[in-house]
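>>> need a structure here:
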Amino acid sequence: MRRVVVLFIALVVVLGTLLGLRLVRDRRAAEGPPGGSGVVEGTAVDVRSRLNARVLALHVKEGARVEKGALLATLDCTEPEALLAEAEARLAMARAQAHAADAAALASLRASEAATAQASGTQAQLESLAAQQGLASRQAARMEQMGEAVAVATRDQARAQADALSQQLAASQHTSTAASRQARAAAEQERASREQASAATQAVQATEATVRRARLSVAECELHAPLAGTVETLVLEVGELAMPGAVLARLVDTRNSRATFYLPNAELAAVRPGEPAIVRADAYPDRSFQARVVTVATVAEFTPRNVQTRSDRDRLVYPVEVRIEDPDGLLLPGMPVDITLSPRAGAVAERRP
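Model prediction:
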């Protein structure tokens with residue numbers, strides 16, 4: 001019986017000591033800077049295929065570290081290359097047609113200018129003949145009015161000259177009319193040629209767009225790393241068919257990692273975006289990583305239906321995300337870490353009323 005009492009007393013002492021240590025540790029944690037535990041998350045990017053093609057080669061393996069722009073895989077590019085060759089041939093033909101249309105438009109312009117000049121010349125000639133014919137008619141009329149004072153031969157000659165000029169004037173009028181019509185026709189032809197040249201230029205631009213699209217398809221035959229990181233997964237193997245939009249590989253950037261922890265409502269005033277933090281991992285007990293607060297959630301992770309008591313408010317926690325400075329990529333995704341806010345941030349929060 002005495003032994004049982006001694007054992008009971010020893011058990012009570014041990015439990016009391018452990019409880020006291022726990023209370024002391026909790027008090028120190030409460031008095032220390034705010035923080036919490038989280039899990040490292042890397043920036044994951046899925047590399048997807050835009051083509052319906054087979055995988056010809058994989059140039060990396062899972063777990064390999066690659067730099068931005070590194071070649072990850074090569075797809076079968078037979079069909080896109082054929083489409084590109086066809087588009088380039090069409091572009092060459094369209095450019096030749098555009099050059100021919102430009103030359104035809106230039107020739108039509110020169111012909112229109114010549115026809116216009118000819119019409120202007122015939123019009124000037126018509127005006128000159130009209131003036132001469134008028135003068136000759138008036139001269140013949142005066143001679144006829146003079147009667148016997150002028151020889152009959154002279155009167156006949158003046159009348160004949162006036163009649164000849166009248167005939168020439170009529171012919172010149174027909175010539176001028178024809179020249180004007182030719183000038184209008186040449187102008188219409190010149191406008192049509194210009195429109196054809198413009199259409200040919202637009203056809204060249206459309207074909208150039210087709211060539212650019214075909215070149216983009218050919219460029220998609222080689223998949224490159226969009227960022228520096230680690231190859232986490234290779235979904236397809238050599239010989240498998242990659243469908244448009246299908247994931248071929250997943251990259252994780254461990255140098256630009258982040259973690260999320262939760263702060264209770266009472267400690268929320270101790271953190272603001274942009275403030276520094278310290279991250280420690282069990283895998284590196286002698287090393288700490290600098291971090292910086294990125295976002296502080298405005299909505300609590302857990303919200304009771306009615307927040308009426310202090311205990312209800314204490315159960316409110318807010319997610320806080322930090323960006324970790326890890327240039328060596330030591331912190332891997334999924335690794336648990338402890339996050340402590342800068343003592344300066346806690347001091348600022350304590351000074352607030």
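
>>> Can you give me the neighbour number for L19?
As a burial measure, L19 scores 10 neighbours (other Cβ atoms under 10 Å). Any C-beta I mention is one placed from the backbone N, CA and C, and that applies to glycine too.

>>> Tell me which helix or strand comes right after the helix or strand containing it.
Using DSSP states H and E, L19 maps to helix 2-31. For helix 2-31, the following helix or strand on the C-terminal side (DSSP H and E) is strand 35-48.

>>> Adjacent strands (with direction) for the next helix or strand after that following strand?
Downstream of strand 35-48, the first helix or strand assigned by DSSP H and E is strand 53-58. Strand 53-58 has the following strand partners under DSSP bridges: strand 71-75 (antiparallel), strand 241-242 (antiparallel).

>>> Regarding the residue nearest to P319 when sequence neighbours are not counted, what are the backbone dihedral angles?
Excluding the flanking residues, the one nearest P319 by Cβ to Cβ, 6 or more residues apart in numbering is A297, at 4.4 Å. The phi and psi values for A297, taken as degrees, to the nearest 10, are phi -60, psi 140.

>>> average model confidence for the helix holding L19?
The average pLDDT for helix 2-31 rounds to 64.

>>> Next: stretch 76-95.
The pLDDT scores in stretch 76-95 average 91.

>>> what residues are up against Q173?
Q173 makes contact with L126, according to Cβ atoms under 8 Å, 6 or more residues apart in numbering.

>>> That one looks like it's in a helix, true?
Yes: assigned with DSSP: H, G, I helix; E, B strand; the rest coil, Q173 falls within a helix.

>>> Distance-wise, check it relative to L129.
9 Å (Cβ to Cβ, to the nearest Å).

>>> For G42, see how far away the residue nearest to P319 is.
Distance from A297 to G42, by Cβ to Cβ: 21 Å.

>>> ok, these two, which is more surrounded?
Higher neighbour count among A297 and G42: G42, with 24 against 15, using other Cβ under 10 Å.

>>> The more buried one and G229 touch, don't they?
Yes: look at G42 against G229 with Cβ atoms under 8 Å: they come within range, at 7.3 Å.

>>> L84 belongs to a helix, doesn't it?
Yes: when classified by three-state DSSP, L84 is found to be part of a helix.

>>> in which helix or strand would I find the nearest residue to it once chain neighbours are set aside?
In space, and not counting its chain neighbours, L84 is closest to A214: 3.9 Å by Cβ to Cβ, 6+ apart. Secondary structure assigned from DSSP H and E places A214 in helix 152-219.

>>> Just the buried residues of the helix or strand that comes right after that helix, please?
Using DSSP H and E, the helix or strand that directly follows helix 152-219 along the chain is strand 222-224. Residues of strand 222-224 classed as buried by neighbour count (16 or more other Cβ atoms under 10 Å): L223.

>>> Show the contacting residues for the residue nearest to L84.
P80, L83, L84, E86, A87, E88.

>>> Please list only the buried members of those.
Counted by 16+ other Cβ under 10 Å, the contacts of A214 give P80, L83, L84, A87, E88 as buried.

>>> For the helix or strand encompassing the last one, which helices and strands make contact with it?
Assigned by DSSP H and E, E88 belongs to helix 78-146. Helices and strands in packing contact with helix 78-146 are listed as helix 152-219; criterion 3 or more Cβ pairs under 8 Å, 6 or more residues apart in numbering; DSSP states H and E.

>>> Now the helix it packs on: average pLDDT?
Across helix 152-219, the average pLDDT comes to 80.

>>> What is the distance between that helix and the centre of its chain?
47 Å (Cα atoms, centre = their mean, to the nearest Å).

>>> same deal with stretch 92-112?
That offset, for stretch 92-112, works out to 35 Å (Cα atoms, centre = their mean).

>>> How much space separates A119 from S180?
A119 is 5 Å from S180, by Cβ to Cβ.

>>> I meant L83, not that one.
L83 is 53 Å from S180, by Cβ to Cβ.

>>> again, but for R258
Distance of R258 to S180, given as Cβ to Cβ: 82 Å.

>>> Now do the closest residue to D328 other than its chain neighbours against A291, distance only.
Distances taken as Cβ to Cβ, 6+ apart place R255 nearest to D328, at 7.7 Å, with adjacent residues excluded. Separation of R255 from A291 (Cβ to Cβ) stands at 13 Å.

>>> which one of those two has more residues nearby?
Higher neighbour count among R255 and A291: A291, with 25 against 19, using other Cβ under 10 Å.
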